[in-house]
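Enquirer: structure for this input, please:
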Amino acid sequence: EFIEAMYRMKNADSKTATKFVKHIVTRMDEDNKELKEQMAGLLEHFSQGQSINATLSSNSQGPSIEEELLQRLHVQEQRINQAIETAVSRASQAALQAAMSAATEAASNVMGQVNKESKHLANTVAAKMDLQSVSGISVMSRSFSF
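Expert: A predicted model of the protein is given here:
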């Protein structure tokens, strides 16, 4: 089933590609929310021990633990957003290619049907013209007979 779904997504079914992208984006959004909740919990935990953090930051030259955590959270958020944009872009391209492929196939089928119908129509018209010319000859021969 998975291979069939991937084949449809690649070749014809833009709905499958859209659902696939939606699933990926939803999953990444859930992961992002989970990371934010974890970071918020850590920040809350560290803010409760603010006096210890203040002592540590006054003794050190570098950024405080809270600032470092916020910076790491920001970097992680940027990476997740970039991954989401890439996934949406790739899925959009796959969906567009599938739609174009389906449209091309449908146009080819329509052109084949039109070609078949035009040949049938041409044959019908030719047959009627032959029948009329035969009828015209027999009418002319009757008018000349005495």
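
Enquirer: remind me what whatever helix or strand Ile24 lives in packs against, helices and strands.
Expert: Assigned by DSSP states H and E, Ile24 belongs to helix 14-48. Contact here means 3 or more C-beta pairs under 8 Å, 6 or more residues apart in numbering; DSSP states H and E; on that basis helix 14-48 packs against helix 2-11, helix 65-144. Every C-beta, even on glycine, is put in place using the N, C-alpha and C of the backbone.

Enquirer: swap in 10 Å and give it another go.
Expert: Judged by 3 or more C-beta pairs under 10 Å, 6 or more residues apart in numbering; DSSP states H and E, helix 14-48 is in contact with helix 2-11, helix 50-59, helix 65-144.

Enquirer: is it possible to export those to TSV including distance to Leu43, mean neighbour count and mean pLDDT?
Expert: TSV is the format used below for these (distance: least, C-beta to C-beta, whole Å; neighbours: other C-beta atoms under 10 Å; pLDDT from 0 to 100):
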stretch	distance to Leu43	mean neighbour count	mean pLDDT
helix 2-11	40	13	75
helix 50-59	11	11	55
helix 65-144	6	12	77
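
Enquirer: adding distance to Ala17, write those helices out as TSV.
Expert: As requested, the helices and strands packed on helix 14-48 are arranged in TSV below (distance: least, C-beta to C-beta, whole Å):
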stretch	distance to Ala17
helix 2-11	4
helix 50-59	48
helix 65-144	4
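
Enquirer: if I pick the closest residue in space to Lys36 that isn't next to it in sequence, what's in contact with it?
Expert: Nearest non-adjacent residue to Lys36, counting by C-beta to C-beta, 6 or more residues apart in numbering: Leu73, 7.4 Å away. Residues near Leu73 by C-beta atoms under 10 Å, 6 or more residues apart in numbering: 35-36, 38-40, 42-43.

Enquirer: and Leu73, how far from Ser64?
Expert: According to C-beta to C-beta, to the nearest Å, Leu73 and Ser64 sit 14 Å apart.

Enquirer: can you check Ala107 too?
Expert: Applying C-beta to C-beta to Ala107 and Ser64 gives a distance of 64 Å.
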